[in-house]
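In: structure for the following, please:
(one chain, ligands or ions: 2)
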Amino acid sequence: MEKAGILVEALPYIKKFYGKTVVIKYGGHAMVNCELKKAVLTDAVLMKYVGMHPVIVHGGGPEITGMLKRVGIESSFMGGLRVTDAATMEIAQMVLVGKINKDIVGMINDIGGHAVGLSGKDGNLLVADKKMGRVRRPDGSEEMVDIGLVGEVRQVNPGIVATVIREGYIPVVAPVAVGEGGDSYNVNADSAAGALAVALNADKLIILTDVEGILADRNDKASLISTVTREGVPQLVEKGIIDGGMIPKVECCISALRGGVGTTHILDGRVPHSVLLEIFTDRGVGTMVTN
Ligand SMILES: Nc1ncnc2c1ncn2[C@@H]1O[C@H](COP(=O)(O)OP(=O)(O)O)[C@@H](O)[C@H]1O
Ligand SMILES: CC(=O)N[C@@H](CCC(=O)OP(=O)(O)O)C(=O)O
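Out: Ligands and ions are numbered 1, 2, ... in the order given. Coordinates of the predicted model:
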C-alpha cells in the first residue's frame, strides 16, 4: 500500500505535466557511475512514457579534462570557462559528441527508451558568437581576455529538436555550437541548456550537479536554500555564497526565467531519481530559482 501511495501522489503531477517540455542539464560532475547514470536516464524514459517531453543537454567537463591530460594538454579555466584553442576544441568535440552523447543515447535505448543524439551543429541548433573570458584584477576591476573557441549562444534553431520530439524520441544534445564559417565552438553546457529551454518554451529547466543545490554554508548540507527568487541571486553572489561553477548555473536559471521558462531547479544528480522526486512528489528537492 505504501508503495502504491507514491503512485497516487504522482497522479496529479502526471496530469499537470502531460505534454510539457522539461530540459534536463546533466553535468559531468554528476555522471558519477553507471548505476547513477541509469537512474537519471530512467527518469527521462519514464517521463516520456507518461506523455512529457524530456530533453537532455549534457556536459562532460571532467571527461574532457581527462582526455586532454592523456594527450598531454593541460586544462585551464577563466571565469569557469575552459580556455579552448584549436587542439582543445578538437578533443572537446570528440569527447562530447563522439563519446558522452553516444553513451547516453545507448543507455537510454538499452533501458527501453528511444533517444536521438544531436550536437548544436546539427540543423544549426545552436549558433554561437565568440565569447571573451572575464578576469578580475587584484583591484577588483574586470578585464576581458581571449579564451579561444568558446562560444556564447546567439541563436537557437529548435526545429530539429521539435522534430525529434514529435517523432517520439528523447533528444540528447551535446554543447558544441556552430560559429561563423562553420567552426565548432565550445559552449558551457549550463548556458546551452538555458538557451534551448527558452527556445523550446520549456516548462521546467532542471540542472543536475554534484551538490544538494545552493548551500548557504558549503560544509553544511542542512543549509540548503530550497527557494530563491531571481532578485535574491545577485546578493548571494556578492556575498560570495555562490561562486565557481554555481555562477553559470544561477545565471542560466535567471536568463531562462526571463525568457519565459516556468521554473528552474538545481538538483543533486548523485541522488537516484532526484528528477522524479522533484516533478512527481510534493517534496521539492534541491533549490528552485523562481520569478
Ligand atoms: N553556494 C553554493 N552551494 C553549492 N555549491 C556551490 C556553491 N557555490 C559554488 N558551488 C560549487 O559549484 C559546483 C557545481 O558546479 P560544477 O562543478 O561546474 O558542476 P557541473 O559539472 O555539474 O556543471 C559545486 O560542486 C560547488 O563546488
Ligand atoms: C566553455 C566550456 O567551459 N565548456 C565546457 C563544456 C562542457 C561542460 O560544460 O560540462 P559540465 O557541465 O560537466 O561542466 C568544457 O569544456 O568543460
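In: who's in contact with whichever residue of the stretch 101-250 of the chain sits closest to ligand 2?
Out: Nearest residue of the stretch 101-250 of the chain to ligand 2: residue 189, at 3.4 Å (C-beta to the nearest ligand atom). C-betas here are computed from N, CA, C, even on glycine. Going by C-beta atoms under 8 Å, 6 or more residues apart in numbering, residue 189 touches 25, 27-28, 57-61, 175.
In: in the stretch 151-291 of the chain, which spans are helices?
Out: With DSSP state H, counting those that start in this stretch as the criterion, the stretch 151-291 of the chain has helices at 159-166, 189-199, 233-238, 246-258, 274-280.
In: sorry, wrong one. I was asking about the stretch 1-150 of the chain.
Out: Counting by DSSP H, counting those that start in this stretch, the helices of the stretch 1-150 of the chain are 2-16, 34-49, 61-70, 86-93, 101-111.
In: how far does the second one sit from its chain's centre?
Out: Here the centre of helix 34-49 is set off from its chain's centre by 15 Å, with C-alpha atoms, centre = their mean, to the nearest Å.
In: for it, which residues meet the burial criterion?
Out: 36-48 (16 or more other C-beta atoms under 10 Å).
In: cool, the third one as well?
Out: By neighbour count, and taking 16+ other C-beta under 10 Å as the criterion, the buried residues in helix 61-70 are 61, 63-65, 67-68.
In: what sits closest to the residue of the stretch 101-250 of the chain found nearest ligand 1 if chain neighbours are left out?
Out: Using C-beta to the nearest ligand atom, the closest approach of the stretch 101-250 of the chain to ligand 1 is made by residue 245 at 2.2 Å. Among residues not flanking residue 245 along the chain, residue 80 sits closest, at 5.8 Å (C-beta to C-beta, 6 or more residues apart in numbering).
In: would you mind giving me the confidence score for that neighbour?
Out: Reported pLDDT at residue 80 in the predicted model: 85.
In: which residues does it contact?
Out: So residue 80 contacts 188, 244-245, 247-248 (C-beta under 8 Å, 6+ apart).
In: out of those residues, who's nearest residue 32?
Out: Comparing those against residue 32 with C-beta to C-beta picks out residue 245 as the nearest, at 15.7 Å.
In: what is the neighbour count of that closest one?
Out: 18 (other C-beta atoms under 10 Å).
In: low-confidence ranges in this protein?
Out: 1-3 (pLDDT under 70).
In: the longest strand in it is where?
Out: Ranked by residue count and defined by DSSP state E, the top strand of the chain is strand 142-156.
In: is that strand anywhere near ligand 2?
Out: Yes: using C-beta under 6 Å from any ligand atom, strand 142-156 reaches ligand 2 at residue 150.
In: can you name the residues of the stretch 1-150 of the chain that neighbour ligand 2?
Out: 27-29, 59-61, 64, 81-82, 92, 150.
In: could you work out the most separated pair of those residues?
Out: Of all pairs in those, the most separated under C-beta to C-beta is 29 and 150 at 19.2 Å.
In: ok, those two, which is more surrounded?
Out: residue 150 (24 against 16).
In: residues in contact with the closest residue to the more buried one other than its chain neighbours?
Out: Nearest residue to residue 150 in three dimensions, chain neighbours excluded: residue 131, at 4.8 Å (C-beta to C-beta, 6+ apart). Contacts for residue 131 were tallied using C-beta under 8 Å, 6+ apart; they are 81, 147, 150-152.
In: before we move on, what about residue 85?
Out: With the criterion set at C-beta under 8 Å, 6+ apart, residue 85 makes contact with 148-149.
In: distance of it from ligand 1?
Out: 21 Å (C-beta to the nearest ligand atom, to the nearest Å).
In: which residue is the nearest non-sequential neighbour of residue 254?
Out: residue 230 (5.3 Å).
In: that neighbour and residue 263 touch, don't they?
Out: No: Residue 230 lies out of contact with residue 263 (C-beta atoms under 8 Å); the separation is 11.3 Å.
In: before we move on, back to that, so who does the residue of the stretch 101-250 of the chain closest to ligand 1 touch?
Out: For residue 245, the contact set (C-beta under 8 Å, 6+ apart) comprises 29, 80, 209.
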